[in-house]
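[1] need a 3D model of the sequence below.
(one chain, ligands or ions: 1)
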Amino acid sequence: MNETVFPKDASVVVIGGGILGCSTLYHLAQSGIRDAILLERSQLTSGTTWHSAAQVRALRSSKNLTELIRYSFSFFDELEKETGQATGWMQTGSLSIATNQERWTHILRQQSLAKLFGVRAQSISVEEARERWPLMNEKDVIGAVWSPDDGRVSPSDLCAALVKGAKSRGARIFEETPVTGILTENQKIRGVITEKGEIRCDAVALCSGLWSRELASKAGVQIPVWPCEHFYLLTGEVEGIKGHIPTLSDHDSHLYLRDESGGLLVGCFEPMGKSIDPAKLGKDFAFQLLQEDWEHFEPMMLNAIHRVPALEHAEVKKLLNGPESFTVDGSFLLGESAETKGFFLGCGMNSVGVATGSGAGMALAHCIIHGRTPMDLPEADPKRFPDEMCSIQVLSERVPEVLGKHYEITFPGRQWKTSRGLRQSPLASLWKQHHAHFGQFYGWERPLYFGAHGEPELTFNRPEWFEAVGKEVLQAHNQAALFDQSTLGKIRVEGRDCESFLQRVCTNRMNRSPGTRGSCFPWSRLFSAM
Ligand SMILES: Cc1cc2nc3c(=O)[nH]c(=O)nc-3n(C[C@H](O)[C@H](O)[C@H](O)COP(=O)(O)OP(=O)(O)OC[C@H]3O[C@@H](n4cnc5c(N)ncnc54)[C@H](O)[C@@H]3O)c2cc1C
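    Take a look at the predicted model:
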C-alpha cells in the first residue's frame, strides 16, 4: 500500500489507520474530497483495531449515538457490494440477562429506550433465553432481553473494504509514516510533519487511538484520552458450540460471551480497570499485545465458569490483553477542537470504536466538510472538557473507573468517584458545612442538594434526596434563595439589540428592572400534591 511519490499538499490529512482513520478517509473520498491522505505510523489496523472483539451493539445512551451505529448496519452491506471485499458482518443478535431486580429494571428501561430509538428489543422468558443459549446456567437468571439487530464484524476486513473504497476514489495511504509534528499558524492548521517530509493541508483528522493525547498537544490541543488494559479470553473448542450463536451479555458478572472458532470468547469490563502509560508501550508497538494478568482476570473467570459450566474444562488458548483508549466521561471525541481551527478529533473510543467507527467516520468527514456534524452530537463534542481533566494524573485515576462503569447499572444521580475536587466554588467550604452532596460538571464541584449523610443509595425508585430537593424548591419559590452560579458557564450579551435578542431566546420576560419578582412554574402546587 505504500505510494512512491510523497505528496506536498492535501485538503485533509487523516492521522492513523485504525477503524476511525479508515472510515473517515472513505467518507471524505465518498463526499468528493479526492486528494485526502491517510498517514499511518506502522501498518493499517496495527494499533487497537486488529485485536478488537468487534461486537456491534445497536443501542447507545442517546438517539444520535445509536444512529451512528444503525448507520453501520446498512453500510456494511453496501460497502461489501461496492468493493467486493467482505466486512465479516454477522447479525447474530444478543441476549442480555439479569440476576437481580435492579438489573432487570435497568435492562427493561433499555428495552424501552431501544424501542424509542427504533432498535428491536424484546423481553423473553428465562426458558426461551436458555433455548437461545443452551450452555448457559440459568438458575440465578430472573429475566432476559433479546436484541436481534446486534452482531459482530471482522475489524481487519472492514478496514480493508474501507481502504479499497477510498483508494478507488483517489484517496492515498502512506504506511510506515509516523507524524512527528503538526504545523499551525494563528491557531489554524497549516500542515503536518513526517519523517518523509511536510504536507501542507487545510484540515487534520486525528484518529490515532491511544496516541492521540500526545499528538493533539503538538497542535496546542489538550484532550482527555488515555488507555486501559482490556481483556478477553479465547478457548479451544467447546462441546455444544456449533456455528454462530448470539452474544450473551451478563453484566452482573461483568461479562460478554460469544462463539469464536468453535470455542468461546469471554470478554469483560471488570469493576476497576488498569490504566497504562502509552509512553511505556514503546515506539514500535504495532500488532502487539500486553502481558496476560490472570490475577486480575480471576474473578471474571470464576463468574464465567458459573455462567457457562462447560468452561471449567475448556482449553485456554489465550488471555488476550490489548490497550484501548478511554476518556474521562466514557464518551468519545468527534469534532473540531476549540483551540486550533481545522484540527478535528476522532478518538477516545471507549471500547465501541469498531461498532461506532463507520458512522463516526461518516460524521467526522461531514464535520470537516460542512463545519458541523450531521446531527446533534453534544455527548461527543471535544469542547466539553476543561484542561484540568486532561492531566496524566487525572486520566490515570479516572479511566480505570470509566472502564469499570461500562457495565454498571446507570442509576439516576450516579457520580464519578475518582479525580474529584479539581475546580471548586469560592463557597465550597460553606457548602460542605451544610452537608452538600456534590456532582462534577466541567471539572467543577457543584452542590446537588444539602443535608447529605454519606453517599446516597442509588435507586430507580424515589431517591433519599427527594425531600431535600423539594424543600429547596419550595424555599426558593415561596421565600428567597441565593444561587451560587460561579460554577456555571456565562455568556455576555451586549449591544443595541441585546434586549430583543434575550426576549427571543429566553423563556422568561427579560425586559424588567432588577429586583422585579419573576413568574415561575407553580412548583409549590406540584410538591404539595405528592
Ligand atoms: C480487548 C478489546 C476488545 C474490544 N472489543 C470491542 C468490541 O467488541 N466492539 C467495539 O466496538 N470495540 C471494541 N474494542 C475497541 C475497539 O477495538 C477500538 O475502539 C478501536 O479499534 C479504536 O480504533 P481507532 O482507529 O480509534 O484506534 P487504533 O486502531 O489504535 O488506530 C490508531 C492508529 O493510529 C496510528 N498512529 C498512532 N500514532 C501515529 C502517528 N504519530 N502517525 C501516524 N499514525 C499514528 C496507530 O499506529 C494506529 O494504527 C475492543 C478493544 C479491545 C482492546
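
[2] any residues touching stretch 403-420, and which ones?
    With Cβ atoms under 8 Å, 6 or more residues apart in numbering as the test, stretch 403-420 has contacts from 61, 102-103, 106, 228, 230, 251, 254, 269-273, 326, 328, 330, 350-351, 389, 394, 397-398, 400-401, 438-440, 445, 448, 456, 458-460, 463, 465. From N, CA and C alone the C-beta is placed, and that goes for glycine too.

[3] please repeat the previous calculation with a cut-off of 6 Å.
    By Cβ atoms under 6 Å, 6 or more residues apart in numbering, the residues outside stretch 403-420 that reach it are 102, 106, 228, 251, 254, 269, 271-273, 326, 394, 397-398, 401, 439-440, 458.

[4] buried subset of those residues, written for ChimeraX?
    Restricted to buried positions by 16 or more other Cβ atoms under 10 Å, the ChimeraX selection for those reads:
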select :106,228,251,254,269,273,326,394,397,398,401,439,440,458
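
[5] of the contacts of stretch 403-420, which are in range of the ligand?
    For the ligand, no contacts are drawn from those by Cβ under 6 Å from any ligand atom.

[6] tell me which of the contacts of stretch 403-420 fall in strands.
    In strands, judged by DSSP state E, the following of these are found: Cys228, Phe326, Gly439, Gln440.

[7] of those, which is the nearest to Ser500?
    For those, the minimum distance to Ser500 (Cβ to Cβ) is 35.0 Å, reached by Gly439.

[8] please name the nearest non-neighbouring residue to that closest one.
    With Cβ to Cβ, 6 or more residues apart in numbering as the criterion, Gly439 has its nearest non-adjacent residue at 4.6 Å, and that residue is Leu448.

[9] the one you found: how many residues sit nearby?
    When neighbours are counted by other Cβ atoms under 10 Å, Leu448 registers 17.

[10] make sure it is indeed in a helix.
    No - the assignment for Leu448, made by DSSP: H, G, I helix; E, B strand; the rest coil, is strand rather than a helix.

[11] these two touch, right, it and His437?
    Yes - between Leu448 and His437 there is a contact at 5.2 Å, judged by Cβ atoms under 6 Å.

[12] near the ligand, which residues of the stretch 251-400 of the chain?
    Within the stretch 251-400 of the chain, the positions near the ligand by Cβ under 6 Å from any ligand atom are Leu320, Gly322, Glu324, Cys347, Met349, Ser351, Val352, Gly353, Val354, Ala355.

[13] show me which of these are buried.
    Buried members of those, counted by 16+ other Cβ under 10 Å: Leu320, Gly322, Glu324, Cys347, Met349, Ser351, Val352, Gly353, Val354, Ala355.

[14] returning to that earlier point: can you check the pLDDT for the residue nearest to Gly439?
    With respect to pLDDT, Leu448 scores 95.

[15] how about the residues of the chain by the ligand?
    Counting by Cβ under 6 Å from any ligand atom, the residues of the chain near the ligand are 15-21, 39-42, 46-49, 52-55, 178-179, 207-209, 211, 215, 230, 232, 320, 322, 324, 347, 349, 351-355.

[16] out of those residues, list just those in helices.
    Secondary structure assignment by DSSP state H places Ile19, Leu20, Gly21, Leu215, Gly353, Val354, Ala355 of the residues of the chain next to the ligand in helices.

[17] which residue is the nearest non-sequential neighbour of the last one?
    Right, the one you point to is Ala355. For Ala355, ignoring the flanking residues on the chain, the nearest one in space by Cβ to Cβ, 6+ apart is Val56 at 4.3 Å.

[18] neighbours of the one you found, how many?
    Neighbours of Val56 under the rule other Cβ under 10 Å: 25.

[19] one more: Ala86?
    Counted with other Cβ under 10 Å, Ala86 comes out at 15.

[20] how about the one 4 residues further on?
    Here the count is done by other Cβ under 10 Å, and Met90 has 14 residues near it.

[21] what's it sitting at in phi/psi?
    phi -140, psi 120 (degrees, to the nearest 10).

[22] isn't it right up against Gly151?
    Yes - using Cβ under 6 Å, Met90 is in contact with Gly151, at 5.1 Å.

[23] quick one: Arg332 and Met349 touch, right?
    No Arg there; residue 332 is Phe. Yes - Phe332 is in contact with Met349 according to Cβ under 6 Å; the separation is 5.0 Å.

[24] show me what contacts the spatially most central residue of the chain?
    Centroid-nearest residue in the chain: Ser331, 3.1 Å away (criterion: Cα atoms, centre = their mean). By Cβ under 6 Å, 6+ apart, Ser331 lies in contact with Glu379, Ala380.

[25] sec struct for it, please.
    coil.

[26] and it, how far is that from Val399?
    13 Å (Cβ to Cβ, to the nearest Å).

[27] one more: Asp35?
    36 Å.

[28] please name the residues that touch the closest residue to the ligand within the stretch 251-400 of the chain.
    In the stretch 251-400 of the chain, no residue comes nearer to the ligand than Gly353, which is 2.1 Å away by Cβ to the nearest ligand atom. By Cβ under 6 Å, 6+ apart, the contact set of Gly353 is Ile19.

[29] which residue, other than its chain neighbours, is closest to Ala365?
    Ala365's closest residue in space is His27 (Cβ to Cβ, 6+ apart), at 3.5 Å.
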